[in-house]
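# Model the following, please.
(one chain, ligands or ions: 1)
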Amino acid sequence: MSFSKLLRYNQRNNKTTASLTTEHAFSENWTPSALLSDPTSIDVNIPAEISAVLPPSNESYDSVLSSLPTRSMLKINSTESSGDDEGTDLQKLTTSWLEKIDTEMPENISKIDSNIISSPIVSQVEARFIVHTGKLRKNSTDFASSFSNSLGFSKSYGRFIFFASKKNDNSAKKNHTIDSNIGNHSFVDQGRNLPLTSDTIICHDIASTSAEREYEVHGPDGMFTTRIYSLEGSISSLSTNCPEDTYSEAIHINTKHIENTGSTTHSRKSSYTTSLSNIKRLFKRTSLNSHSKDSYDHTNTTADDYAIASSLNETTSSCVSSESLSAMSEDEDNDKDQIIQTLYSNIDASTDLVSKKYKDLNVVLGEGSGGQVKLVQRVLDNKVFALKEYRSKNKRESERKYIKKIISEFCIASTLKNPNICETLEILYENGKIFQILEYCEYDLFALVMSEKMQYDEICCLFKQLINGVKYLHDIGLSHRDLKLDNCVVTQRGILKLIDFGASTVFQYPLSSQLIEANGIVGSDPYLSPEVFYFEKYDPRALDVWAIGIIFFCMIARRFPWKYPKVKDVQFRTFCSGRGVASFKDLVTKPATGDSNQCDDGYEGGVIDMGPNFLLHRLPEESHNIMRRILEISPFRRITVNEILQDDWIKEIEMCQVVGAEAPKDASPRIINKENHIHTNIDQRYAHIGGMHERT
Ligand SMILES: Nc1ncnc2c1ncn2[C@@H]1O[C@H](COP(=O)(O)OP(=O)(O)OP(=O)(O)O)[C@@H](O)[C@H]1O
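Purely as a prediction, here's the structure:
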């Protein structure tokens with residue numbers, strides 16, 4: 001949790017930062033078995049109706065350390081026993097540009113407590129978002145097809161992928177039918193990995209929670225072989241309240257609001273009326289059919305706007321003429337603020353009210369710079385969802401920017417369809433506040449890590465799912481830019497999903513090989529890669545890859561390796577040491593080598609706590625090769641996410657996954673869990689960052 005989150009919690013709880021940090025659940029003294037699973041030990045009130053919809057905690061397990069493959073850890077003792085030699089090595093490894101380094105484990109390394117970490121705030125539109133009009137036109141038709149191709153959809157389907165998927169009226173029924181027939185055809189078709197024959201499978205419904213339905217599958221000998229979870233009533237079937245055109249309209253309007261050209265008073269008035277009525281449609285959910293490519297006659301737009309707008313070009317309706325678009329300008333924010341206020345009151349009358357559709361379960365799941373995330377239950381069918389209530393507009397920001405940011409995040413998130421991405425269902429407005437409804441996931445990774453219950457194989461499984469989620473994003477030209485434990489949520493069945501696309505950015509447009517570099521220090525300090533501090537512009541994919549490595553380290557060591565990757569941070573400086581270079585610049589600017597399969601980080605020493613070993617000696621040896629390449633200081637030498645998946649160790653990791661979710665017509669996505677591990681269930685009261693703070 002960011003520092004700002006902490007402050008807010010402190011203010012609410014009348015606590016000082018210091019006391020909260022000390023008392024925080026992540027202290028050494030926090031015994032998971034005592035505190036997490038014993039309801040009497042903690043004074044947290046969970047209403048009975050919530051307990052009913054939340055899963056129970058499972059048994060407690062040994063810590064991750066006991067599940068680490070011992071054969072694979074670095075032989076710390078033998079290195080440590082080198083005695084005097086170590087001092088010699090240290091001298092050899094310490095280079096002139098680094099000050100004297102303490103080889104002891106630095107004191108300020110502590111267990112993960114992101115309370116003490118501040119996240120930089122993005123406050124301005126980045127220059128890279130400016131796209132030339134010609135390019136915009138040219139690419140506008142390409143984007144959807146590229147996205148659809150990457151998803152394996154037909155080209156004609158591409159135009160739909162930016163919309164929340166259509167409700168399949170029969171989805172629940174279909175799921176049921178298919179699951180009951182699992183032994184006949186569907187299972188065999190889609191669950192090929194399972195060592196079962198179609199004749200011998202018995203499917204037994206044993207549990208059902210928010211979105212997933214669990215089935216035990218038995219082999220011919222009656223032995224339990226694996227578990228399958230049907231995503232009955234899955235989120236995708238719920239997004240039907242949002243007609244396609246509504247989203248396209250919303251996205252389109254989003255684009256309008258960043259127009260910045262001259263205009264007459266008359267046209268300005270006209271544009272406001274039209275544009276705002278279109279924003280209204282976002283919330284109102286009406287369907288529009290007109291079509292105008294003129295609306296893309298932009299001179300100034302953001303990458304996100306552009307990407308989304310271009311993907312919708314084929315279908316986007318536009319009631320806004322290019323003339324009206326030209327009316328929007330930065331210095332008219334005040335006018336627009338007023339108009340948007342009016343808009344809000346109009347929306348109020350026509351929008352589904354959050355409070356009517358969803359029942360607040362009074363559980364705060366988390367709180368960040370974007371707003372507060374709460375647990376809600378849909379009145380219609382009692383299904384549980386996460387509701388993100390966006391923070392109110394700052395006095396300093398214009399209404400236009402405020403709305404644009406929210407809609408951009410929503411448009412991107414609702415576009416993404418992948419089992420390892422949290423599904424975004426709808427956006428709602430009520431009483432001056434904007435809400436987003438998300439698929440609910442029972443845990444966040446931060447809470448899971450801090451529970452100290454996760455075992456090594458489970459961590460590896462989640463790690464590989466994380467890589468797959470990021471691969472999906474990178475394959476479609478998006479980078480997340482704020483990957484961290486808090487932004488990974490995990491379902492009760494062990495499926496990891498990425499959330500929070502507020503910082504994500506397009507790095508490549510469809511059919512273009514040109515990399516669009518990102519700029520700005522965006523993300524959370526300990527997960528940031530070193531180059532973001534060094535270069536004004538950088539490849540955001542490399543930042544994501546680095547963050548993946550930090551997350552893996554955190555999962556294993558339950559510590560951050562450093563506060564931030566700057567040489568002034570003693571831990572990071574230690575990590576940089578011994579690499580045979582004269583300056584940090586030499587490290588971070590090392591050009592790519594010809595052989596992308598080889599790690600060449602310049603470190604040759606064998607000291608346990610120096611250079612890459614500073615991190616590696618805390619990790620299993622089988623991960624060393626890949627982690628060295630992931631945490632390569634030079635972004636030009638850093639491995640890509642696709643290359644990570646080619647690594648032998650990564651390939652061998654047994655990963656739980658959802659099958660059958662990719663094909664748009666497949667109505668029966670199921671979860672296949674691997675047998676070498678089970679996924680940790682923790683008490684729901686402490687399963688999210690929000691809950692952890694309730695304790696303090
Ligand atoms: N779909 C979800 N299911 C369960 N918990 C969730 C979900 N979405 C968010 N959360 C919880 O809420 C927390 C904050 O969510 P999120 O990152 O979206 O907020 P934010 O305001 O954007 O935070 P940040 O300050 O990182 O930008 C998460 O860390 C997680 O604990």
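# Which positions in the stretch 501-650 of the chain make contact with the ligand?
For the stretch 501-650 of the chain, the residues found near the ligand under the criterion Cβ under 6 Å from any ligand atom are residue 502. All C-beta spots, glycine's among them, are computed from the backbone N, C-alpha and C.
# All the strands of the stretch 501-650 of the chain, in order from the start?
505-506, 518-519, 537-538 (DSSP state E, counting those that start in this stretch).
# So which elements touch the first one?
For strand 505-506, the elements it packs on are helix 303-311, strand 478-479, judged by 3 or more Cβ pairs under 8 Å, 6 or more residues apart in numbering; DSSP states H and E.
# try 7 Å
Contact here means 3 or more Cβ pairs under 7 Å, 6 or more residues apart in numbering; DSSP states H and E; on that basis strand 505-506 packs against helix 303-311.
# how about stretch 431-446, does it reach the ligand?
Yes: using Cβ under 6 Å from any ligand atom, stretch 431-446 comes into contact with the ligand via 438-441, 444.
# what bits of the stretch 401-550 of the chain have low per-residue confidence?
The stretch 401-550 of the chain contains no residues with pLDDT under 70.
# Mind doing that once more with 80?
In the predicted model of the stretch 401-550 of the chain, residues 404, 431-432 satisfy pLDDT under 80.
# what's the burial count for residue 651?
Using other Cβ atoms under 10 Å, the number of residues around residue 651 comes to 9.
# Could you report the neighbour count for the residue nearest to residue 361 when sequence neighbours are not counted?
In space, residue 361 comes closest to residue 375 once its chain neighbours are excluded; the distance is 4.4 Å by Cβ to Cβ, 6 or more residues apart in numbering. Burial of residue 375 is recorded as 25 neighbouring residues (other Cβ under 10 Å).
# Residue 375 contacts residue 365, doesn't it?
Yes: with contact defined as Cβ atoms under 7 Å, residue 375 and residue 365 form a contacting pair (5.9 Å).
# if I look at these two, which residues touch both of them?
Both residue 375 and residue 365 are in contact with residue 386, where contact means Cβ atoms under 7 Å, 6 or more residues apart in numbering.
# Would you mind naming what in the chain lies close to the ligand?
So the chain meets the ligand at 2, 119, 365-366, 368-371, 373, 386, 388, 422, 438-441, 444, 486-487, 489, 499-500, 502, 688-689 (Cβ under 6 Å from any ligand atom).
# 5 Å instead?
Within the chain, the positions adjacent to the ligand are 365-366, 368-370, 373, 386, 422, 438, 440-441, 444, 486, 489, 499-500, 688-689 by Cβ under 5 Å from any ligand atom.
# buried residues in stretch 395-402?
398-402 (16 or more other Cβ atoms under 10 Å).
# Quick check: residue 429 is in a strand.
Yes: under DSSP: H, G, I helix; E, B strand; the rest coil, residue 429 sits within a strand.
# confidence score at the residue nearest to residue 361?
For residue 375, the pLDDT comes out at 95.
# partners of the helix or strand hosting it, with directions?
For residue 375, the host element (DSSP states H and E) is strand 371-378. Paired strands of strand 371-378, with direction, are strand 358-367 (antiparallel), strand 384-390 (antiparallel) (DSSP bridges).
# before we move on, the earlier item: can you list which of the residues of stretch 431-446 next to the ligand are found in strands?
Counting by DSSP state E, the part of the residues of stretch 431-446 next to the ligand found in strands is 438-439, 444.
# Any chance of JSON lines for these, columns neighbour count?
Listed next are these as JSON lines, based on neighbours: other Cβ atoms under 10 Å:
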{"residue": "438", "neighbour count": "24"}
{"residue": "439", "neighbour count": "25"}
{"residue": "444", "neighbour count": "25"}
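# What is the nearest of those residues to residue 669?
Nearest to residue 669 among these, counting by Cβ to Cβ, is residue 439 at 12.4 Å.
# which stretches of the stretch 251-400 of the chain have low pLDDT?
Using pLDDT under 80, the flagged stretches of the stretch 251-400 of the chain are 251-353, 399-400.
# mind running it again at 90?
Scanning the stretch 251-400 of the chain for pLDDT under 90 picks out 251-356, 367-370, 392-400.
# before we move on, back to that, which strand residues bridge the residue nearest to residue 361?
residue 386.
# what sits against it?
Per Cβ under 7 Å, 6+ apart, neighbours of residue 375: 361, 363, 365, 384, 386, 440.
# My guess is the second one contacts residue 374. True?
Read that as residue 363. Yes: under the contact definition of Cβ under 7 Å, residue 363 touches residue 374, with a separation of 6.5 Å.
# hmm, back to that, adding mean neighbour count as columns, could you present the strands paired with strand 371-378 in TSV?
Compiled in TSV, those are given as follows (neighbours: other Cβ under 10 Å):
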stretch	mean neighbour count
strand 358-367	20
strand 384-390	23
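# And those strands: which comes nearest residue 493?
strand 384-390 (14.7 Å).
# related to what we said a few turns ago, which of the buried residues of stretch 395-402 sits closest to the ligand?
The ligand has its nearest neighbour among those in residue 402, at 13.9 Å by Cβ to the nearest ligand atom.
# would that closest one count as being in a helix?
Yes: under three-state DSSP, residue 402 sits within a helix.
# and it, what is it in contact with?
Contacts of residue 402 (Cβ under 7 Å, 6+ apart): residue 393.
# ok, now residue 378?
357-358, 385.
# Give me the distance between it and residue 509.
Look at residue 378 and residue 509: by Cβ to Cβ, to the nearest Å, they are 37 Å apart.
# Look up the closest residue to residue 550, ignoring the ones flanking it.
Spatial nearest neighbour of residue 550, excluding adjacent residues (Cβ to Cβ, 6+ apart): residue 527 at 4.8 Å.
# In this structure the one you found contacts residue 545, no?
No: judged on Cβ under 7 Å, residue 527 makes no contact with residue 545 at a distance of 11.2 Å.
# any shared contact partners between those two?
Joint contacts of residue 527 and residue 545 (Cβ under 7 Å, 6+ apart) do not exist.
# my read is residue 419 is in a helix, agree?
No: applying three-state DSSP, one finds residue 419 to be coil, outside a helix.
# Is the residue nearest to it when sequence neighbours are not counted in a helix, a strand, or coil?
Spatially, and ignoring its direct neighbours in sequence, residue 419 is nearest to residue 658 (3.6 Å; Cβ to Cβ, 6+ apart). What three-state DSSP gives for residue 658 is strand.
# Quick check: beta-bridge partners of residue 658?
Beta-bridge partners for residue 658, by DSSP bridges, are residue 671.
# Distance check, it against the ligand.
Distance of residue 658 to the ligand, computed by Cβ to the nearest ligand atom, to the nearest Å: 16 Å.
# what's near enough to touch the residue nearest to residue 469 when sequence neighbours are not counted?
What sits nearest to residue 469 in space, not counting adjacent residues and going by Cβ to Cβ, 6+ apart, is residue 420, at 3.3 Å. By Cβ under 7 Å, 6+ apart, the residues touching residue 420 are 465, 468-469, 472, 496-498.
# same question, residue 562
Counted by Cβ under 7 Å, 6+ apart, residue 562 has contacts 526, 569, 571-572.
# go again using 6 Å as the cut-off
569, 571-572 (Cβ atoms under 6 Å, 6 or more residues apart in numbering).
# returning to that earlier point: make CSV out of the contacts of residue 375 and add distance to residue 536.
Output for the contacts of residue 375, formatted as CSV (distance: Cβ to Cβ, whole Å):
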residue, distance to residue 536
361, 45
363, 42
365, 36
384, 44
386, 36
440, 39
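# on that earlier part again, save the strands of the stretch 501-650 of the chain as CSV, and put in mean neighbour count and distance to residue 619 too.
As requested, the strands of the stretch 501-650 of the chain are exported to CSV (neighbours: other Cβ atoms under 10 Å; distance: least, Cβ to Cβ, whole Å):
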stretch, mean neighbour count, distance to residue 619
strand 505-506, 26, 29
strand 518-519, 20, 28
strand 537-538, 18, 26
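# May I see those strands arranged in TSV, with distance to residue 431 as well?
Compiled in TSV, these are given as follows (distance: least, Cβ to Cβ, whole Å):
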stretch	distance to residue 431
strand 505-506	32
strand 518-519	35
strand 537-538	41
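# Before I go, just wanted to say thanks for your time.
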